[in-house]
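In: missing the sequence, but the structure's below:
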């Protein structure tokens with residue numbers, strides 16, 4: 001699978017920020033249920049956010065291992081840039 005070069009949407013950024021802040025607070029990634037509840041979407045839609053962010057190269061996720069989602073260096077760069085811009 002190749003990484004896309006498009007920029008993430010606002011909702012994808014919201015999911016990325018949530019995953020980052022959850023990991024910082026808890027030391028591990030949120031579950032798909034927690035991501036979905038935070039985003040107020042179905043679990044299927046939560047999976048879509050995560051899979052899109054993986055395709056963009058902003059997250060890594062190990063299949064069949066719960067709470068394995070990690071933010072890549074590119075994802076960290078996006079979060080850092082957003083903080084510097086006041087986002």
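Out: Happy to help now that I have it. Model, not experiment: these values are computed from the prediction. Residues are numbered from 1 along each chain as shown.
In: And stretch 8-26, what's buried?
Out: 8, 12-13, 15-20, 22-23 (16 or more other CB atoms under 10 Å). For every residue, glycine as well, the C-beta is placed using N, CA and C.
In: Which strands or helices does the worst-scoring helix or strand of the chain on mean pLDDT pack on?
Out: When the helices and strands of the chain are scored by mean pLDDT, DSSP states H and E, helix 73-84 comes last with a mean of 84. With contacts defined as 3 or more CB pairs under 8 Å, 6 or more residues apart in numbering; DSSP states H and E, helix 73-84 has these neighbours: helix 10-26.
In: what angle sits between the helix it packs on and helix 73-84?
Out: Interaxial angle of helix 10-26 relative to helix 73-84 (axes from the mean of the first three to the mean of the last three CA atoms, to 10 degrees): 100 degrees.
In: now what about helix 10-26, what contacts it?
Out: 8, 29-30, 34-35, 38-39, 46, 49-50, 52-53, 56, 58-59, 69-71, 75-76, 78-79, 82, 87 (CB atoms under 8 Å, 6 or more residues apart in numbering).
In: Cool, thanks, signing off.
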